[in-house]
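Peer 1: I'd like to go over a predicted model; first the sequence, then the structure.
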Amino acid sequence: MPDGALLVTERNDGRLRVVRDGKLSDPVEGVPEVFRFEGETNRSQAGLFDVRLHPDFADNRLVYLSLAAPTDRGASVRIVRGRLGEGESPRLENVETIFDMQEADQDSSGLHFGGRMAIDAKNRALFLTIGERRNISRSQDGEDQAGSVLRMTLDGEPMKDNPFLKDSERNDFIFAMGARNPQAIALHPQTGEVWTADHGPKGGDRLDRIEAGANLGWPYITAGVDYSGAPLGLAGGTREGMTKPLHVFSETVAPSGAAFHQGKMFAKWNGSLLVGGLANQALMRVSVNGQDVGDVEKIDIGRRVRDVEVAPDGSIWLVTEHADGELVQLTSK
């Protein structure tokens, strides 16, 4: 936040916290209830996902939260917006739902929600990723919001220049389709281009530079295999009208959270894309050369990295996901 404090979501319990001067606040009141999966806890990826500030936060104190929300059909991927009060124990006030996954697309699965957001301050646009909810057929259904990158106004309406707005067989919100479970999205600070990192099945975690109207090809284009070991799709091939990944990670990363680096600290990394790794417990630094990917460096963290942010000074903040969970700041010596 402008005063240097941080907002952190706790996925499982659906809590929002403020971290100021190394101290963790009590849970922020006013955060909506999250979906609770009725089954084994390790089969659920539901909960409170991302948190983003309105571009005019310094004036209006508006905060966006993405979450798995309980509905009559099971769970929706939802975005709510509220005003964050001030003080040591702030409350989220005037909370309103600005986007709800359309009713027909909601289901009771506890898997593959996506749920990551990015805000394009220049064009006043909000991006949201939604996974295919562990149903591979949904990614190629252009009327289904699952398996997609959505783009909307800051008030939750489809952007007027969205690629499928005039296509009766595509959903108005869809910016790109054919994704599996993208849990990382970042906007290039100079070009505004949309980059995502998507989970492969068994192997095949991919990095994409998203163009409006793109079809990322899941499940037809993948470098991974099914969990049984059986082949999927075209095994790295191509299909007309579908986009091959810009880069496929050589190991299983399970990407979660991404941010472009800029700042005086770690200045040699400026322009690199930093991607968190759950499975490989690492931070992946991806060198970006224009529109291409260069070297990829693995920085071992020893923790499941759930999210990555870069502070104005260039220091790197990580949220880890293990027994206790940590907020970690990386600084140069």
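Peer 2: Looks like it came in fine. What you see is a predicted model; the values in this text were computed from it and never measured.
Peer 1: Please enumerate the strands of the stretch 51-200 of the chain.
Peer 2: Along the stretch 51-200 of the chain, counting by DSSP state E, counting those that start in this stretch, strands occupy 62-71, 74-84, 92-100, 117-120, 125-130, 148-153, 174-177, 182-187, 194-198.
Peer 1: Measure how the fifth one sits relative to strand 92-100, angle-wise.
Peer 2: By that I understand strand 125-130. 70 degrees (axes from the mean of the first three to the mean of the last three CA atoms, to 10 degrees).
Peer 1: Mind listing residues that contact strand 125-130?
Peer 2: 52, 64, 66, 77, 79, 99, 101, 113-120, 145-154, 156, 159, 175, 179, 182-183, 185, 187, 194, 196 (CB atoms under 8 Å, 6 or more residues apart in numbering). To be clear about C-beta, it is placed using only N, CA and C from the backbone, and glycine gets the same treatment.
Peer 1: Show the average pLDDT along it.
Peer 2: In this model, strand 125-130 carries a mean pLDDT of 98.
Peer 1: Please apply the same query to the last one.
Peer 2: Strand 194-198 comes out with an average pLDDT of 98.
Peer 1: Output the contacting helices and strands for the helix or strand following it.
Peer 2: Counting by DSSP states H and E, the next helix or strand C-terminal to strand 194-198 is strand 206-210. Under the contact criterion of 3 or more CB pairs under 8 Å, 6 or more residues apart in numbering; DSSP states H and E, strand 206-210 touches strand 194-198, strand 247-248.
Peer 1: partners of strand 206-210, with directions?
Peer 2: Note on strand 206-210: by DSSP bridges, its sheet partners are strand 194-198 (antiparallel), strand 247-248 (antiparallel).
Peer 1: Kindly reformat these as JSON lines containing distance to residue 59 and mean neighbour count.
Peer 2: Shown next, in JSON lines, are the strands paired with strand 206-210 (distance: least, CB to CB, whole Å; neighbours: other CB atoms under 10 Å):
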{"stretch": "strand 194-198", "distance to residue 59": "26", "mean neighbour count": "26"}
{"stretch": "strand 247-248", "distance to residue 59": "39", "mean neighbour count": "18"}
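Peer 1: if we can go back for a sec, let me have the helices and strands packed on strand 206-210 in TSV, extended by distance to residue 164.
Peer 2: Converted to TSV, these look like this (distance: least, CB to CB, whole Å):
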stretch	distance to residue 164
strand 194-198	16
strand 247-248	26
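Peer 1: For residue 303, find the nearest of those.
Peer 2: For residue 303, the closest of these is strand 194-198, at 17.9 Å, according to CB to CB.
Peer 1: looking at it, residue 269 is touching residue 261, isn't it?
Peer 2: Yes - with contact defined as CB atoms under 8 Å, residue 269 and residue 261 form a contacting pair (4.5 Å).
Peer 1: re the thing from before, among the strands of the stretch 51-200 of the chain, which comes closest to residue 209?
Peer 2: By CB to CB (comparing all of those), the closest turns out to be strand 194-198, at 5.5 Å.
Peer 1: returning to what we had before: nearest to residue 84, out of the helices and strands packed on strand 206-210?
Peer 2: Closest approach to residue 84 among the helices and strands packed on strand 206-210 is made by strand 194-198 (26.4 Å; CB to CB).
Peer 1: That's all I had, so thanks and see you.
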